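In: my questions concern the predicted model and sequence given below.
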Amino acid sequence: MSDLDILARTLYGEARGEGQEGIEAVACVIMNRVRARKWFTGYVIKEGIKIPSVEQTCLKRYQFSCWNKFDPNRKIINQVTAHDAVFRQCLLIAQKAISGELQDFTNGALYYHTREITPVWAKNKSPCYEVKHHLFYREV
């Protein structure tokens, strides 16, 4: 799979019910993580050089729940095709993100969660951006 395909599937698995703004916000987080070069950034090795990778950042263990082995979204994202209108939208947003055309409007968010849960890392933290069911954070 390519960066484009993996990013689109991640967006679909994480934010398909959030509309364009929510999907784009998750794309911003992923691209911010790729650029951040921190512990959550995934890399590929090319000619002996570690290069940040969209694909490896999306697939990094336990970072995006839709890729977790037993997450119910895993089967859905593996089977979705471009016949699905929301997945087509995710493909377009992924292309914008990878090409650098998607401007980060999340204020540099690197983390997010749904409103239904409050992870330990989010306690006593203020979100830097909110959209529908997701809260976004710059640092935790």
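Out: Sure, I can see it.
In: am I right that K50 sits in a helix?
Out: No. Read with DSSP: H, G, I helix; E, B strand; the rest coil, K50 is strand and lies in no helix.
In: for it, the count of nearby residues, please.
Out: Using other C-beta atoms under 10 Å, K50 has 11 neighbouring residues. Backbone N, C-alpha and C define where each C-beta goes, glycine included.
In: quick check: the closest residue to I51 other than its chain neighbours vs S99, distance?
Out: In space, and not counting its chain neighbours, I51 is closest to V44: 5.5 Å by C-beta to C-beta, 6 or more residues apart in numbering. Distance, V44 to S99, by C-beta to C-beta, to the nearest Å: 19 Å.
In: so for those two, which sits in the more crowded spot?
Out: Comparing V44 with S99 by other C-beta under 10 Å, the one with more neighbours is V44, at 13 against 9.
In: what are the ranges of the helices in the chain?
Out: 3-15, 19-36, 54-59, 72-79, 85-99 (DSSP state H).
In: quick one: closest of the ones you listed to V120.
Out: The closest of the helices of the chain to V120 is helix 19-36. By C-beta to C-beta, the value is 18.7 Å.
In: what's in contact with that closest one?
Out: 7, 10-11, 14-16, 18, 40-42, 52-54, 57-58, 63-64, 89-90, 93-94, 96-98, 102, 104-106, 108-112, 129, 131-134, 136 (C-beta atoms under 8 Å, 6 or more residues apart in numbering).
In: filter these to the buried ones?
Out: 7, 10-11, 14-16, 18, 40-42, 52-54, 57-58, 63-64, 89-90, 93-94, 97-98, 102, 104, 106, 108-112, 129, 131, 134, 136 (16 or more other C-beta atoms under 10 Å).
In: the residue nearest to I51: what's it in contact with?
Out: K50, I51, S53, E55, Q56.
In: related to what we said a few turns ago, can you say which of the helices of the chain is nearest to I117?
Out: helix 3-15 (13.5 Å).
In: what lies in contact with that closest one?
Out: 1, 22-23, 25-27, 30, 53-55, 58-59, 64-67, 71, 73-74, 76-78, 80, 84, 86-87, 90-91, 93-95, 97-98, 134.
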